[in-house]
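Asker: structure, please.
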Amino acid sequence: MNVQGFDEFELDLELAFKRDLPPFIDGLEAAPLTFINVSSIPAKKNGVYLLLQDDKVMYVGKTDSRGGFQNRLLRHSEHVKHRHNLDPNLMHFKAVAIPVFKNADLETILIDHYGAPWNNSGFGGNDPGKERDTQRPAVFDLNHPIDIDRDLDFIQLGLISAQELLRLLSARLPYTFRYEKRKYQDELNFNVEITAATSSMRELLMLILNGLPSSVWQTTILYGRIILYRENREYPFFQEVIRS
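Answerer: Numbering: from 1, shown residues only. Below you'll find the predicted structure:
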């Protein structure tokens, strides 16, 4: 339309983000991925974030939820713990709040710019559920399988019921731990004694398995999670199987 004294202007947001966002991020100092640092981010702020390992961008994400950066980054800070070939102390983050960005695919723009090998690797995924325990593990889990020999800092010494210990482990471990919660609860009705010599997940699992009926329970250490059921079976992809 050609009208004297009138025209339309349309801002190319994608072009502006491609041009201006990476240099802005590069000028931002990364912070260690710790609870204190993440909790210091203003609440409910949303935008894009990067996870870095040894100054290399490993993952690009965005958030537009009520929890903002805090919720997402705290979850990631747990996900990188107790993994082989991965030191959580080397993980850093950068987060940039962007009030309006829904019309631009910022994740794709930044992934294309930085590479970000953990994107599309299954990193940060939720528990896929029991029906998928036989499927091939995610690439991230294959490269960084869980390590059950790390000491657990939330375990207290003393007598505890097996069921209470299972609930505690399921709630506090930095990876998924799924166990039988409906059937055979009478077989889990016993106490275990936690000592200074039983501070890792492997040692705690052995305490529990030793109190269960022989040869009918097993814990399977998959690449990204642990399961404990009254079963005797082989899974196509696993690190280790320990039976009662």
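Asker: would you map the strands across this protein?
Answerer: 31-32, 47-53, 56-63, 91-97, 158-161, 176-179, 191-194, 218-221, 225-229, 240-243 (DSSP state E).
Asker: what residues of the third one count as buried?
Answerer: Taking 16 or more other Cβ atoms under 10 Å as the neighbour-count basis, strand 56-63 is seen to contain the buried residues 57-63. Where you see a C-beta, it was placed from the backbone N, CA and C, and this is true even at glycine.
Asker: equivalent analysis for the last one, please.
Answerer: Residues residue 242 are the ones in strand 240-243 that count as buried (16+ other Cβ under 10 Å).
Asker: make a markdown table out of the buried residues of strand 56-63 and add pLDDT and distance to residue 45.
Answerer: Shown next, in a markdown table, are these (pLDDT from 0 to 100; distance: Cβ to Cβ, whole Å):
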| residue | pLDDT | distance to residue 45 |
| --- | --- | --- |
| 57 | 98 | 20 |
| 58 | 98 | 22 |
| 59 | 97 | 19 |
| 60 | 97 | 17 |
| 61 | 94 | 14 |
| 62 | 91 | 12 |
| 63 | 89 | 9 |
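Asker: mind putting these in TSV, distance to residue 118 included?
Answerer: Putting the buried residues of strand 56-63 into TSV (distance: Cβ to Cβ, whole Å) gives the following:
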residue	distance to residue 118
57	9
58	5
59	4
60	9
61	10
62	14
63	16
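Asker: picking up where we left off before, relative to residue 108, which of the strands of the chain is closest?
Answerer: Nearest to residue 108 among the strands of the chain is strand 56-63; the distance by Cβ to Cβ comes to 8.8 Å.
Asker: list the contacts of that closest one.
Answerer: Here strand 56-63 makes contact (Cβ atoms under 8 Å, 6 or more residues apart in numbering) with 46-52, 69, 71-72, 76, 101, 106-107, 110-111, 114-119, 123-124.
Asker: how far does stretch 172-180 sit from its chain's centre?
Answerer: A distance of 12 Å separates the centroid of the chain from that of stretch 172-180, by Cα atoms, centre = their mean, to the nearest Å.
Asker: what's next to it, contact-wise?
Answerer: Contacts of stretch 172-180 (Cβ under 8 Å, 6+ apart): 78-82, 127, 130, 146, 152, 154, 166, 169-170, 188, 201, 224-230.
Asker: wait, doesn't residue 71 sit right on residue 78?
Answerer: No - contact criterion Cβ atoms under 8 Å: residue 71 and residue 78 do not qualify, at 11.7 Å.
Asker: can you flag the buried ones in the contacts of stretch 172-180?
Answerer: 78-82, 146, 152, 166, 169, 188, 201, 224-230.
Asker: by how many degrees do the lengthiest helix in the chain and strand 91-97 diverge?
Answerer: When the chain is parsed with DSSP state H, its longest helix is helix 13-26. For helix 13-26 against strand 91-97, the angle between stretch directions is 140 degrees (axes from the mean of the first three to the mean of the last three Cα atoms, to 10 degrees).
Asker: and helix 13-26, what's buried?
Answerer: Going by neighbour count (16+ other Cβ under 10 Å), the buried part of helix 13-26 is 17-18, 21, 25.
Asker: chain center to it, what's the gap?
Answerer: 28 Å.
Asker: please shift the residue numbers so they start at 48 in all later answers.
Answerer: Yes, from this point I'll number from 48; that puts the last item at helix 60-73.
Asker: give me the helices and strands touching that helix, please.
Answerer: If contacts are counted by 3 or more Cβ pairs under 8 Å, 6 or more residues apart in numbering; DSSP states H and E, helix 60-73 sits against strand 138-144, helix 153-161.
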